[in-house]
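Q: Requesting a structural model of the entry that follows:
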Amino acid sequence: MITVASVGLALAAIAEPAGSDVVTPHLNAPIVGIANGPSGSGYWLVASDGGVFTGGNAAFSGSAGNLRLNRPIVGMAVDSNGLGYWLVASDGGVFSFGEARFFGSTGDLHLNRAIVGIAATPDGGGYWLVASDGGVFSFGDASFYGSTGNQRLNRPVVGMAATPNGNGYWLVASDGGVFTFGDAHFEGSTGGRALNRPIVDMAVTSDGRGYWLAAADGGVFCFGDAAFDGSEAGATLNQTIVGITPSTASEGYKLAGSGGVVFVEKSEPPPVLNSPGNPGSNLPEAPFAVALPALALALLGMTLLFRRRRAAIDS
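A: Modelled structure (predicted):
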């Protein structure tokens with residue numbers, strides 16, 4: 001497990017002393033969500049005032065930080081090419097930036113419950129909004145596959161994720177209950193478990209056959225083919241975890257804290273022992289491995305020389 005902070009911030013940041021890999025953002029409002037770029041090497045953070053911060057190679061395309069909002073921002077989703085994104089407020093107001101297109105919102109509708117999340121379709125041609133009662137609102141080419149808006153839930157819904165082909169989605173509640181719609185497969189949940197802190201977000205594997213649930217204390221729960229690569233559970237954190245996103249298509253995930261710190265969880269693979277001089281070796285050449293053949297030749301030479309001298313003496 002590797003823990004780092006959100007770096008390469010697009011807005012104001014205060015750098016730590018030289019040699020530190022930590023950059024502390026100056027936040028006017030807490031971070032409420034994280035989204036990953038298509039390549040997995042960059043990410044965006046969004047604050048409740050609409051401020052957007054970038055890490056890695058994620059491009060900054062604008063923010064709502066200088067706008068007067070009717071309701072706070074609660075989440076974000078990134079366009080398929082990574083050159084734009086959407087922010088959503090708790091009233092369902094949607095703000096689009098870069099190449100992300102606006103397809104509609106619930107900002108002028110009367111909602112039974114507040115909006116808590118947004119998920120984009122794979123081609124960036126639409127998005128879904130989800131409310132805390134599990135009500136789902138679809139826009140653009142996002143199809144409606146169902147909701148829990150008419151069900152009695154044990155705990156409120158806190159987030160959603162779309163399947164890789166966009167033909168379904170998952171909803172997750174704060175107790176870790178998972179609800180599937182369309183071609184989304186149920187792989188398990190924490191709905192029947194006692195949690196130290198509530199679930200705050202979920203992320204899906206690249207093939208859609210598994211998912212991670214993240215808790216407010218940094219605990220991570222894995223289902224299906226989602227691998228466990230570490231968590232912050234048990235660590236002393238000075239901020240609440242608010243989101244999770246995959247790091248790459250196959251390795252690890254990132255946890256976002258409300259204070260702007262990003263925790264990168266990734267299992268380190270065992271070292272590959274390659275032969276000396278192998279161009280693909282990830283280890284330095286082993287001195288003994290190189291020296292042994294030379295030592296053997298030297299001993300053989302000494303043995304032959306000894307035999308020749310003995311033969312000369314005997315003659």
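Q: which residues sit in contact with residue 103?
A: Residue 103 sits next to 94, 125-127, 139-140, 142 when contact means C-beta atoms under 8 Å, 6 or more residues apart in numbering. All C-beta atoms are positioned from the backbone trio N, CA, C, and that covers glycine.
Q: got it, and residue 108?
A: Per C-beta under 8 Å, 6+ apart, neighbours of residue 108: none.
Q: Apply 10 Å and report the result again.
A: Contacts were defined as C-beta atoms under 10 Å, 6 or more residues apart in numbering; by that measure residue 108 touches 91-93.
Q: In those residues, which residue is surrounded by the most others?
A: Within those, most neighbours by other C-beta atoms under 10 Å means residue 92, with 21 neighbours.
Q: so which strand or helix has that residue?
A: According to DSSP states H and E, residue 92 maps onto no helix or strand at all.
Q: Can you read off the backbone torsions of the nearest residue to it once chain neighbours are set aside?
A: Excluding its sequence neighbours, the residue lying closest to residue 92 (C-beta to C-beta, 6 or more residues apart in numbering) is residue 106, at 2.9 Å. Per-residue torsions, residue 106: phi -110, psi 20 (degrees, to the nearest 10).
Q: wouldn't residue 106 be in contact with residue 128 here?
A: No. When contacts are counted by C-beta atoms under 10 Å, residue 106 is not listed as touching residue 128 (11.2 Å).
Q: shared neighbours of these two, which are they?
A: Shared contacts of residue 106 and residue 128, counting by C-beta under 10 Å, 6+ apart, come down to 137, 139.
Q: And these two? Which one has more around it.
A: The residue with more neighbours, out of residue 106 and residue 128, is residue 128; 27 against 19, by other C-beta under 10 Å.
Q: where exactly do the helices run in the chain?
A: For the chain, the helices defined by DSSP state H occupy 287-314.
Q: Okay, now the unreliable bits of the chain?
A: 1-25, 40, 249-250, 267-315 (pLDDT under 70).
Q: Got the domain ranges for it?
A: Following automatic domain parsing, one finds the domains of the chain at 2-265, 275-315.
Q: Out of those, which one sits most buried?
A: Greatest average neighbour count among these goes to domain 2-265 (a mean of 19), per mean count of other C-beta atoms under 10 Å.
Q: Give me the distance from that domain to the chain's centre.
A: Per C-alpha atoms, centre = their mean, to the nearest Å, the displacement of domain 2-265 from the mean C-alpha position of its chain is 9 Å.
Q: Which parts of the stretch 1-150 of the chain are strands?
A: Secondary structure of the stretch 1-150 of the chain (DSSP state E, counting those that start in this stretch): strands at 2-3, 13-15, 23-25, 31-36, 42-47, 52-56, 73-78, 84-89, 94-98, 115-120, 126-131, 136-140.
Q: The fifth one pairs with which strands?
A: Think strand 42-47. strand 31-36 (antiparallel), strand 52-56 (antiparallel) (DSSP bridges).
Q: Make a markdown table out of those strands and add distance to residue 244.
A: Below are the strands paired with strand 42-47 laid out as a markdown table (distance: least, C-beta to C-beta, whole Å):
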| stretch | distance to residue 244 |
| --- | --- |
| strand 31-36 | 7 |
| strand 52-56 | 15 |
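Q: what about the ones you listed, which gets the closest to residue 186?
A: Closest of those to residue 186 is strand 31-36, at 23.4 Å (criterion: C-beta to C-beta).
Q: relative orientation of the closest one and strand 84-89 in degrees?
A: With axes from the mean of the first three to the mean of the last three C-alpha atoms, to 10 degrees as the basis, strand 31-36 and strand 84-89 are set at 150 degrees to each other.
Q: Just the CA coordinates for strand 31-36, please, in CSV.
A: Extracted in CSV, the C-alpha atoms of strand 31-36 (Å, rounded to 0.1, in the frame of the first residue of the first chain):
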residue,chain,number,x,y,z
ILE,A,31,-13.9,17.5,-1.1
VAL,A,32,-17.0,15.4,-1.9
GLY,A,33,-15.9,13.2,-4.8
ILE,A,34,-13.2,11.7,-7.0
ALA,A,35,-13.2,10.6,-10.6
ASN,A,36,-10.6,8.7,-12.7
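Q: what's the angle from that strand to strand 73-78?
A: 10 degrees.
Q: Just the terminal-to-terminal distance for stretch 153-167.
A: 24 Å (C-alpha to C-alpha, to the nearest Å).
Q: Repeat that for stretch 208-223.
A: 11 Å.
Q: that older thread, now distance to residue 229 too, for the contacts of residue 103, in JSON lines please.
A: Output for those, formatted as JSON lines (distance: C-beta to C-beta, whole Å):
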{"residue": "94", "distance to residue 229": "32"}
{"residue": "125", "distance to residue 229": "32"}
{"residue": "126", "distance to residue 229": "31"}
{"residue": "127", "distance to residue 229": "28"}
{"residue": "139", "distance to residue 229": "34"}
{"residue": "140", "distance to residue 229": "33"}
{"residue": "142", "distance to residue 229": "30"}
